[in-house]
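A.B. asks: here are the coordinates; sequence isn't available:
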């Protein structure tokens with residue numbers, strides 16, 4: 001296994017950081033790596049907002065459900081799907097932006113995900129720890145107002161970056177035969193009980209016995225109820241009407 005493979009397979013979410021800022025030059029290099037990710041039709045629909053203001057960091061931590069590391073990490077980025085820039089480019093050429101296309105929404109959102117993963121790998125290669133903050137979508141309008149996001153831009157997630165102050169184990173992933181098919185869908189649900197047991201042991205060890213859960217229980221909690229139903233109206237109000 002080479003260094004790149006080892007680094008990718010050693011990814012962990014870090015939620016405790018040293019009280020040490022991340023230098024500007026490292027942030028710039030990390031964002032450049034994000035920009036180097038694949039981007040559909042060269043749309044380059046990712047916008048990065050580094051939040052330095054202490055009051056804004058505290059407010060974002062609150063909006064994200066009280067996750068203190070949003071305020072305490074050495075750096076915090078909000079990654080946004082951005083069609084505002086594409087609209088401006090279209091209009092500069094005398095065109096009329098076609099608002100509300102589902103495909104455009106997908107292009108912008110996928111762009112952000114690809115760019116973010118490049119940023120994560122780059123950050124980890126520099127000795128930094130990272131943690132995605134999807135909980136910004138708990139209150140997307142408040143986040144948008146706080147960061148003064150224009151129409152056709154929405155916050156996809158945040159990204160904590162900093163020098164790790166913990167060394168958690170790598171969380172086990174689903175067995176390869178569950179996710180990798182050969183010429184057809186890999187219907188291997190028979191492997192889930194063993195994975196449940198493995199993940200249960202991981203949680204038990206990580207939390208000193210305080211978390212009693214597994215993958216199927218987590219999926220029941222995630223997809224067995226409504227999940228951020230406000231997002232549909234929020235996106236439509238921002239111009240993502242999904243036609």
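C.D. replies: That came in fine, so what should we check first? These numbers were taken from a predicted model, which means no experiment stands behind them.

A.B. asks: residue contacts, residue 121?
C.D. replies: Residue 121 sits next to 7-8, 33 when contact means CB atoms under 8 Å, 6 or more residues apart in numbering. All C-beta atoms are positioned from the backbone trio N, CA, C, and that covers glycine.

A.B. asks: how about 7 Å then?
C.D. replies: 7-8 (CB atoms under 7 Å, 6 or more residues apart in numbering).

A.B. asks: Against residue 114, how distant is it?
C.D. replies: 11 Å (CB to CB, to the nearest Å).

A.B. asks: swap in residue 65?
C.D. replies: Counting by CB to CB, the separation of residue 65 from residue 114 is 26 Å.

A.B. asks: Give me the more crowded residue out of those two.
C.D. replies: Neighbours of residue 65 and residue 114, each counted by other CB atoms under 10 Å, are more numerous for residue 114; the result is 16 against 12.

A.B. asks: Do you know the pLDDT at that one?
C.D. replies: Listed pLDDT for residue 114 reads 98.

A.B. asks: My read is that it contacts residue 35, right?
C.D. replies: No. The criterion here is CB atoms under 7 Å, and residue 114 misses it with residue 35 at 10.7 Å.

A.B. asks: Okay, the residue of the chain positioned farthest from its centre and residue 100: tell me how far apart.
C.D. replies: Most distant residue from the mean C-alpha position of the chain: residue 94, 34.8 Å away (CA atoms, centre = their mean). For residue 94, the distance to residue 100 equals 21 Å [CB to CB].

A.B. asks: ditto for residue 6
C.D. replies: For residue 6, the distance to residue 100 - CB to CB - is 44 Å.

A.B. asks: Looking at the two, which is more packed in?
C.D. replies: residue 100 (15 against 9).
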